[in-house]
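> fold the stuff below for me.
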Amino acid sequence: MQTELTAPLADAPFAMHSIASRLSPDARRARQRILVHTLVQGRPFNIVRNHGLASAREIEELLVQKAMVADARGDVPFIYPVSALPTHHRVTLAEGRTFSAMCAIDALGAAFTFAQDTQIQSKCSRCGEPIYLRLQDGRIASAAPAGVHVLHMDLNQLDDWAASC
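Have a look, this model is predicted:
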């Protein structure tokens, strides 16, 4: 099982500044450790219990840079693109791990965050119809239904991406 994330695919179409680009190298590594912890444990990381995954400075940076969200108990239900809470957007990594993404766009972004091919099982937020996507080498390799469309906006213009999902 992979214990650390790898660099995002550099030649991906519609490249935008990643959340990782906002972070110091130490905070990037802490984010990777927290992401992996969340996937392995299947529940939110807790800032108070921490398990030595991140320093107070790294946690503060991740929160200030909006790379993760913490609740009043210190639980981190969301660390982009992973939701520790169930959603309609299920991502399966090529290595086999499965998780919920925060939104449909984050599900697509998981291929870049984890630098591997992904499969996405989702549903249309308007009509509830099931949607399946397979990303290979940073591109949509297959999609169902046949008429599904993926819309993209320039998130580089926004500081808080969650407000635009």
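
> starting at the chain centroid, how far to the lengthiest helix in the chain?
Secondary structure of the chain per DSSP state H: the longest helix is helix 25-41. With Cα atoms, centre = their mean, to the nearest Å as the basis, helix 25-41 stands 11 Å off its chain's centre.

> same question for the helix or strand following it, mean pLDDT?
As assigned by DSSP states H and E, the chain's next helix or strand after helix 25-41 is strand 45-46. Mean pLDDT, computed over strand 45-46, is 94.

> other SSEs contacting the following helix or strand past strand 45-46?
Moving toward the C-terminus from strand 45-46, the next helix or strand (DSSP H and E) is helix 56-64. When contacts are defined as 3 or more Cβ pairs under 8 Å, 6 or more residues apart in numbering; DSSP states H and E, helix 56-64 packs onto helix 25-41. The C-beta positions use only the backbone N, C-alpha and C, and glycine is treated the same way.

> residues in contact with the helix it packs on?
Residues from elsewhere that reach helix 25-41 (Cβ atoms under 8 Å, 6 or more residues apart in numbering): 1-5, 19-20, 23, 44-45, 51, 53-55, 57-59, 61-62, 65, 67-68, 76, 79, 82, 84, 97, 99, 113.

> relative to residue 147, how far out is the most centrally placed residue in the chain?
Central residue of the chain (Cα atoms, centre = their mean): residue 81, 1.4 Å from the mean position. Here residue 81 is placed at a distance of 25 Å from residue 147 (Cβ to Cβ, to the nearest Å).

> same question for residue 78.
30 Å.

> those two: who's more crowded?
residue 78 (25 against 6; other Cβ atoms under 10 Å).

> skipping adjacent residues, who's closest to residue 132 in space?
residue 144 (4.6 Å; Cβ to Cβ, 6 or more residues apart in numbering).

> list the buried residues of the worst-scoring helix or strand of the chain on mean pLDDT.
Least confident helix or strand, the chain: helix 104-113 with a mean of 90, by mean pLDDT, DSSP states H and E. Of all the residues in helix 104-113, those buried under the rule 16 or more other Cβ atoms under 10 Å are 104, 105, 106, 107, 108, 109, 110, 111, 112, 113.
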